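*Asks:* after the sequence you'll find the predicted model.
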Amino acid sequence: MKNLKNHSFFVTAFSITTLIFLYPLIFMRSSFLGGDYFVQFYPWLKCYSEAVKNFSFPYWISSMGTGFPLMAEGQIAGFYPLNILLFFLLPLRVAYNYSIVMHFVIAEIFIYLYARKVGANQIGGYVASLLFCFGSAYAGCFYNIGTLRTLVWFPLVLLLFEHYFNRRNMRYILFSGIILGIQLLAGFIQMAAYSALFYLIYFVYRARSEKIGIKDALFAPSIFMILSFIIALPQLILTYQLSSFSGREHATLGFALWRSFLPTGLLGLVFPYSLSSIGSHFYVGVLSILFITFSIIVAKKSPLLKAMILILIASLFFALGWFNPIYVIILRITGFYFFRNPSKFLFFGVFALSVLAGWGFTQFFENGQTKQTKKTISLFRRTILYAGFAFLLVKLLITVFKTQVLEAGYYIAKNFIYNRPHHRYSLEYYMDSINSFYNSMLEGLAFSNIFVLCSWALIIISILTLPFLFKKRMKFLCIAVIFFDLFVFSSYGIGFSGNIKPFAYLAPDNPKILRILKNDPEPCRILPFDLKSGKLPNWSLPNANVMYGLDSITCYTPLVGSNYREILSGLEVVDDSLGMDIPREEVLDRSLDIIRLLNVKYIISGKKLNKNYLRQEALSGGVFLYRLKGYYPKVFFSDSVDWDVKPLRIECLEIVESSNGYLELKIKADKKGFIVFSENYYPGWHAYVDGQEEEIIKVKGLVQGVAVREGEHKVRFVYKPYGLTSKR
């Protein structure tokens, strides 16, 4: 009870804060369901929830693409202990919401404890947790719930490191290794790898400042890394295998540097909304800059503050990407282009700013008026005024020199973006994007915008507050200003405002056509035509079909097979996180054989398709449902797997059992031939004819086949990840 009393302010304050920011999730009114949450995380976790409740894992699901190894898609966090526990014990929606809430709470607690270790008091620790959880690290949400699960553990590892440096006990290194292993399982391997990099930076710096011997300084992090790798090995094996078939295997330097952090983005520390169009928030509130400045000024007194400044500098160094020649050279030398979006490194900078603000808040008010606090106030005032001047200058320049700005954008789009690897759209598209980007910049600088006015209001409030800072209770007024600041920020930070939707958002559009599809007794797939038009129902979107019990050839994941995407590229139903274009009707004509081979029976379109191989089944709400004439069943007998692959009638072909990762059938044929199974050809699949394993044939570069002799046979296709299987 005594220990809890020592943290009573924090417990009360963070409970209220969590309730205010996350009440729609806590009371099950809404959830993160917009954007990628609707077409990736929620449908994937639906499959996961159903599997773990049946004491299994969704190693393979047939409804995504032509089959996909879902557990290999690291974002699902299938082996993550908290996911297993929550989705096993709780209904899907409850587990989904409370997983998010729980991880926010974990993040708040761990950064609070670390900030206290650095030297913050209860109130300063609360400030650190408030900025970390509801500044741009999460509220800005250029990350996702996979990132949330991964990075909440970051402050805990640093805390364990500090216990190791204080007590020289290896058990803290072992605990740290376990936590990094958990991070690698948590749904975002890229951010876990970045965490490992910052752990090493931190450990080396602190080992030097603590005068740790070279032997121990090398041994401890080696054990730390090896242990984490062993824990994460099941996930790493599956994900590495999947990624080797994806477009990431052929990534380029331009891919790795996509979404580098513009140096001008530092202005976003004061005007976050105005720079939201660049896609990377770096924000912890205006008044927080005062306390961060104080920490930096007095940092020489604390090795831990110096470590935070080092993390901040390293974060910006890597995040600059294209705008940092040294980082570009490092990438060129190593050839490591697998991870993209350097701005993700900003997370660690936000973490460092949060800790610096928490410590600075504590010491600023405890020290009272000193030479250092006066210097801090003066520097803060000038910084804010310079930022305001920069805002006005940028607004003036892009308004007066509109023609030159647009021409520069067109030049960049034409010479450095269009027709380059991983950029698939037309030149007109990129030109339109430049116009849209310019207009969004203007809107972000407009004084008529409520959020721009809020930024200016916060600047004025912060400056007016400065003369009264050391009066009684002013620290609580500062917290109120910071809280209000971040609450406003959460209203347009895309993580909260754009992605939290009521559960009614999951209700299917156009239920009439959906009912027709679900009432079809045959196993078959759908093909949505022109997804980019926005005219198609929500259940036809890539991956979302999984939630509504439909099989579709669509797929949306950064690790989708590059061969699958290339063969279906003209149909624009596969998104490897680089977007889809508008398909042309003639693509349907020349892709007809492939479409049939993939067990497509229905095509959904937002416009009328006059094709002699299509029969209109329904029209509802402007959506056309077509049935493909001469469609191929999910599994069939053919006398060829080379050129003319088509179903042939045989005496018996009966599906005995079909489920994710498993197919069993009985056949009786009067001649030798092949069983063609319209499931993705992928390592781990095995075919058995009368109990004897036979080689699986790759049919048309896409699906599976196995040779059979004439007569009666029992045929099985079984998916076994790394030699194991959850069935048979």
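*Replies:* Looks like it came in fine. Since this is a predicted model, take the numbers as computed values, not measurements.

*Asks:* going forward, measure contacts between C-alpha atoms and count neighbours the same way
*Replies:* Noted.

*Asks:* could you list the low-pLDDT ranges of the chain?
*Replies:* Low-confidence segments of the chain, defined by pLDDT under 70: 1-5, 139-143, 276-280, 421-422, 424, 493-497, 723-728.

*Asks:* can you tell me the centre-most residue of it?
*Replies:* With distances taken as CA atoms, centre = their mean, the residue of the chain nearest its centroid is residue 144 (4.4 Å).

*Asks:* and the helices in the stretch 151-300 of the chain, which stretches?
*Replies:* Under the criterion DSSP state H, counting those that start in this stretch, the stretch 151-300 of the chain carries helices at the ranges 154-167, 171-185, 189-209, 214-243, 253-256, 288-297.

*Asks:* make TSV out of those and add distance to residue 640 and mean neighbour count.
*Replies:* Shown next, in TSV, are those (distance: least, CA to CA, whole Å; neighbours: other CA atoms under 10 Å):
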stretch	distance to residue 640	mean neighbour count
helix 154-167	55	19
helix 171-185	43	24
helix 189-209	42	18
helix 214-243	29	17
helix 253-256	40	19
helix 288-297	70	23
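
*Asks:* so can I have JSON lines of those helices showing distance to residue 543?
*Replies:* Converted to JSON lines, those look like this (distance: least, CA to CA, whole Å):
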{"stretch": "helix 154-167", "distance to residue 543": "31"}
{"stretch": "helix 171-185", "distance to residue 543": "22"}
{"stretch": "helix 189-209", "distance to residue 543": "21"}
{"stretch": "helix 214-243", "distance to residue 543": "17"}
{"stretch": "helix 253-256", "distance to residue 543": "24"}
{"stretch": "helix 288-297", "distance to residue 543": "41"}
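
*Asks:* which one of the ones you listed lies nearest to residue 681?
*Replies:* Nearest to residue 681, of all the helices of the stretch 151-300 of the chain, is helix 214-243, at 12.2 Å by CA to CA.

*Asks:* helix 154-167 and that closest one, what's the angle between them?
*Replies:* For helix 214-243 against helix 154-167, the angle by axes from the mean of the first three to the mean of the last three CA atoms, to 10 degrees is 160 degrees.

*Asks:* so which elements touch helix 214-243?
*Replies:* Packed against helix 214-243 by the contact rule (3 or more CA pairs under 8 Å, 6 or more residues apart in numbering; DSSP states H and E) you find helix 171-185, helix 189-209.

*Asks:* how far does it sit from the chain's center?
*Replies:* Relative to its chain's centre, helix 214-243 lies at 22 Å (CA atoms, centre = their mean, to the nearest Å).

*Asks:* checking my notes, residue 602 in a strand, right?
*Replies:* Yes. Residue 602 forms part of a strand when assessed by DSSP: H, G, I helix; E, B strand; the rest coil.

*Asks:* how many neighbours does it have?
*Replies:* Residue 602 has 23 neighbours, counted by other CA atoms under 10 Å.

*Asks:* thought residue 628 was touching it, still the case?
*Replies:* Yes. With contact defined as CA atoms under 8 Å, residue 602 reaches residue 628; the gap is 5.8 Å.

*Asks:* ok so, going back, quick one: closest of the helices of the stretch 151-300 of the chain to residue 528.
*Replies:* helix 214-243 (25.1 Å).

*Asks:* and the angle from the closest one to helix 171-185?
*Replies:* Taking the same axes, to 10 degrees, helix 214-243 and helix 171-185 form an angle of 20 degrees between their directions.

*Asks:* so which of the helices of the stretch 151-300 of the chain is nearest residue 119?
*Replies:* Across these, residue 119 has its closest neighbour in helix 288-297 (11.2 Å, CA to CA).

*Asks:* for the following helix or strand past the closest one, which positions count as buried?
*Replies:* Using DSSP states H and E, the helix or strand that follows helix 288-297 in sequence is helix 303-319. Buried residues in helix 303-319, defined by neighbour count with 16 or more other CA atoms under 10 Å: 304-312, 314-319.

*Asks:* got the CA positions of stretch 392-407 in CSV?
*Replies:* Extracted in CSV, the C-alpha atoms of stretch 392-407 (Å, rounded to 0.1, in the frame of the first residue of the first chain):
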residue,chain,number,x,y,z
LEU,A,392,4.4,33.1,-41.8
LEU,A,393,7.4,33.1,-44.2
VAL,A,394,6.5,29.6,-45.6
LYS,A,395,2.9,30.8,-46.1
LEU,A,396,4.1,33.9,-47.9
LEU,A,397,6.6,32.0,-50.1
ILE,A,398,4.3,29.2,-51.3
THR,A,399,1.5,31.7,-51.9
VAL,A,400,3.6,34.3,-53.8
PHE,A,401,5.7,31.7,-55.7
LYS,A,402,2.9,29.3,-56.4
THR,A,403,3.9,28.8,-60.1
GLN,A,404,7.5,28.0,-59.2
VAL,A,405,6.6,25.7,-56.4
LEU,A,406,4.3,23.7,-58.6
GLU,A,407,6.8,23.6,-61.4
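
*Asks:* relative to the whole chain's centre, how far out is that stretch?
*Replies:* 34 Å.

*Asks:* cool, stretch 409-428 as well?
*Replies:* 25 Å.

*Asks:* kindly report the same for stretch 510-521.
*Replies:* Stretch 510-521 sits 32 Å away from the centroid of its parent chain (CA atoms, centre = their mean).

*Asks:* kindly report the same for stretch 246-257.
*Replies:* 17 Å.

*Asks:* who touches that stretch?
*Replies:* Stretch 246-257 has contacts (CA atoms under 8 Å, 6 or more residues apart in numbering) with 243, 321-322, 331-332, 335, 337-342, 421-422, 558-563, 576.

*Asks:* give me the buried subset of those.
*Replies:* Applying 16+ other CA under 10 Å to these flags 243, 321-322, 331, 337-342, 422, 558-562, 576 as buried.

*Asks:* let me know whether residue 286 touches residue 462 as I believe.
*Replies:* Yes. Assessed by CA under 8 Å, residue 286 is found in contact with residue 462 at 7.5 Å.

*Asks:* mind checking which of those two has more residues around it?
*Replies:* Per other CA under 10 Å, whichever of residue 286 and residue 462 has more neighbours is residue 286, with 24 against 21.

*Asks:* gap between that one and residue 460?
*Replies:* Computed with CA to CA, to the nearest Å, the distance linking residue 286 and residue 460 is 10 Å.
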